[in-house]
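# show me how the following folds:
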Amino acid sequence: MRNGHGPLLVATTIAVVTTGVAYTFGPHTAPGKARAATTTATAKPSATGPAKTATGRAKPATTGQAGRAASEQECQVSGDFPKRQLRGVWIATVHNVDWPTKPGLTQARQQAEYLRILDNAVKRKLNAVFVQVRPASDAIYKSPYEPWSQWLAGAPGRDPGWEPLPFLIDEAHKRGLEFHAWFNPYRAADKDDLTKLPANHPARQHPSWVVKHEGRLYYNPGLPQVRAHTVKVVKDVVQRYDIDGVHFDDYFYPYPGKGTKFADAAAFTKYGKGMSLADWRRENVNTLVAQVGAAVHEAKPYVKFGISPFGIWRNKSDDPSGSDTKGLSAYDAIYADARAWIKAGSVDYIMPQLYWPRGFAAADYAKLVPWWANEVKGTGVHLYIGQALYRVGSKDVPAWTKAGELPAHLTLNRKHPEVRGDVYFSAAQLAGNPLGVLDALVKGHYSRPALPPLMAARGGAAPAVPAAPRLAGGTLRWKSSPGAHSYAVYRVADGKPDACATGDARNLVAVVPAAEGAEQAFPAGAAGTYLVSALDRLGNESGPATATLP
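Purely as a prediction, here's the structure:
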């Protein structure tokens, strides 16, 4: 749940006052456009310090095509220049929060708006987008199972006149951005009148699947048929489209709203098998998560699957192993047991929404990051942090009026190697740059590009080292490597590069998406030695080939 216009979540009331907003607006915030910057950044960017996390000696220098990619384990690397880091942004389609800005726009206008978002993401050195493709049992793609989303053409089921998803994916890939398809598993409609839904809507075809709850429709998580349908919808997208990941947000059972009981008693009686209601609900969610993860990886082993849960699993007051917080417990309130997903390996990554500043009494960012880091330690599950870019500049919590708060989150993350990146809500703020915070993030944390973090479980293999690198007329050229999805280009300005020249990102100047044809090119205007390596779609990296520009 992302917070709306009201105060940030306080103690146990944090979901109650914002549930309506939460349901409607996806995993983030109330509708609104980019907030205009009201002041300039005043926080100093973090200074480049000495090399950190040294774990071994640098090996003797090797250059040319015989070299291989150096690793952090072999080289003294700087924490100020992480080579591998997820840097993403959510693009919400529900209620036109981010894209398209309103329903009924022409195809050309929708495409132009999307490209502006991508170009802003590239400008800020991000490398992934999380695009909402299924807001509420509807689709921003041509689905055989669910109707077109109303946020495209203005009415549920209305054909927008073009198929957006291939375009959205291709344009992201052209810019070196991973494309993660974001689904909501249980929302059926934001109004509870089944007759208003298109005839082919699953909720209308199967009214027994849904629960009317506080004016809205939810699929009943306790029904095997609902789980089967959700898995089918997700797997269809994985099989038909060239996506890099499947993403769920934090909506499972409804957040507490007016206190109305969720009417799933009949399903509980039929399927409860002697469990308590709470345990049964958690088991329903756990089962769906496991089924979706298995289906995704069966269809395409390289596609990642992850979830961005509410930032508090449980409070220490409820469970001694919980976090030192006083807010809503996702485990108890919405039956989302992120710890269980991590332990079972049902997800490739977990992305808790830590939308509170440091020192916030109910949910302190500085306490939550180490808690989540400890949860994933040694599991192989990646940890990324959901960051509240949309909160920057808001006045209800004083910390968000300070331009340095969000950059300080990334500085704190460096103390925890389990944190492998950050994703920002939302795309609208990329253009607004509230308080100049994005400029500060780029200057202090994203001064270099980054490769995606490696996921061993997803496999892949480094392509061949790029052949025949050469510099001529200010352009670096090399032969294409079979299977390469992109290429990393490094530049060493002075001296002869050693094996650790590619150990971190201090020399990384670009990640270049692979172009069709037998040869690749990159404009190399500055003097120095250039190294180019080949990457598969998961970021597995070959050794570097080198060329020198006097």
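# can you give the distance of stretch 407-425 from its chain's centre?
Relative to the centre of its chain, stretch 407-425 is centred 13 Å away, using C-alpha atoms, centre = their mean, to the nearest Å.
# also stretch 186-200?
On C-alpha atoms, centre = their mean, the centre of stretch 186-200 falls 28 Å from the chain's centre.
# also stretch 404-413?
With C-alpha atoms, centre = their mean, you get 18 Å for stretch 404-413.
# now swap in stretch 510-519 and tell me
With C-alpha atoms, centre = their mean, you get 25 Å for stretch 510-519.
# swap in stretch 328-344?
So, by C-alpha atoms, centre = their mean, the centroid of stretch 328-344 is 19 Å from its chain's centroid.
# the nearest residue to Lys367 once chain neighbours are set aside - how many residues pack around it?
Nearest non-adjacent residue to Lys367, counting by C-beta to C-beta, 6 or more residues apart in numbering: Asp324, 5.0 Å away. In this view, the C-beta of every residue, glycine as well, is placed from N, C-alpha and C. Counted with other C-beta atoms under 10 Å, residues neighbouring Asp324 total 13.
# pretty sure Asp324 is in contact with Val369, am I right?
No - look at Asp324 against Val369 with C-beta atoms under 8 Å: they stay out of range, at 12.0 Å.
# show me what contacts the residue nearest to Lys367?
By C-beta atoms under 8 Å, 6 or more residues apart in numbering, Asp324 lies in contact with Asn315, Lys316, Asp364, Lys367, Trp371.
# which residues does the first one bridge with?
In this entry, Asn315 is beta-bridged to Ser323, by DSSP bridges.
# for it, grab the count of nearby residues.
Burial of Asn315 is recorded as 21 neighbouring residues (other C-beta under 10 Å).
# please apply the same query to the last one.
Residues within reach of Trp371, counting by other C-beta under 10 Å, total 19.
# report the contact partners of the closest residue to it other than its chain neighbours.
Closest residue in space to Trp371, ignoring its immediate chain neighbours: Ser323 at 4.2 Å, by C-beta to C-beta, 6+ apart. Applying C-beta under 8 Å, 6+ apart to Ser323 gives the contacts Ile312, Trp313, Arg314, Asn315, Lys316, Lys367, Leu368, Trp371.
# name the nearest of those relative to Ser486.
When those are compared for distance to Ser486 (C-beta to C-beta), Leu368 wins out at 33.3 Å.
# could I get the pLDDT score of that closest one?
Leu368 is assigned 98 on the pLDDT scale.
# again with Val77
Reading off the confidence values, Val77 has pLDDT 86.
# checking the residue nearest to it when sequence neighbours are not counted next. Helix, strand or coil?
Of all residues not flanking Val77 in the chain, Asp504 sits nearest, at 4.0 Å (C-beta to C-beta, 6+ apart). Under DSSP: H, G, I helix; E, B strand; the rest coil, Asp504 falls in the coil class.
# mind listing what Asp504 touches?
Glu72, Cys75, Val77, Ser78, Phe81, Pro82, Lys83.
# how many other residues sit next to Asp80?
21.
# for it, grab phi and psi.
Phi and psi for Asp80, reported as degrees, to the nearest 10, are phi -80, psi -10.
# quick one: it and His485, what's the gap?
27 Å (C-beta to C-beta, to the nearest Å).
# quick one, strands of the stretch 201-350 of the chain?
210-213, 216-219, 245-248, 304-307, 349-350 (DSSP state E, counting those that start in this stretch).
# give me the distance from the next helix or strand after the last one to the chain's centre.
It stands for strand 349-350. Per DSSP states H and E, the first helix or strand lying C-terminal to strand 349-350 is helix 365-376. Here the centre of helix 365-376 is set off from its chain's centre by 18 Å, with C-alpha atoms, centre = their mean.
# now the helices for the stretch 151-300 of the chain?
Chain-ordered helices for the stretch 151-300 of the chain, with DSSP state H, counting those that start in this stretch as the definition, fall at 164-174, 202-205, 224-240, 265-271, 277-299.
# burial count for Lys235?
Neighbours around Lys235, by other C-beta under 10 Å: 19.
# I figured it was touching Ala295, is that so?
Yes - using C-beta under 8 Å, Lys235 is in contact with Ala295, at 4.6 Å.
# okay, now the unreliable bits of the stretch 451-550 of the chain?
550 (pLDDT under 70).
# try 80
549-550 (pLDDT under 80).
# likewise the chain?
Using pLDDT under 80, the chain drops low at 1-74, 549-550.
# again, only this time at 50
The model of the chain has pLDDT under 50 over residues 1-68.
# run a quick neighbour tally on Lys123.
Other residues close to Lys123 by other C-beta under 10 Å number 12.
# what's the separation between it and Pro449?
Distance from Lys123 to Pro449, by C-beta to C-beta: 12 Å.
# ok, back up a step: let's have the helices of the stretch 151-300 of the chain in TSV, adding distance to Arg187.
Formatted as TSV, those follow (distance: least, C-beta to C-beta, whole Å):
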stretch	distance to Arg187
helix 164-174	19
helix 202-205	10
helix 224-240	11
helix 265-271	18
helix 277-299	14
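# quick one, phi/psi of the residue nearest to Val77?
phi -130, psi -170.
# what about it, distance to Leu383?
20 Å.
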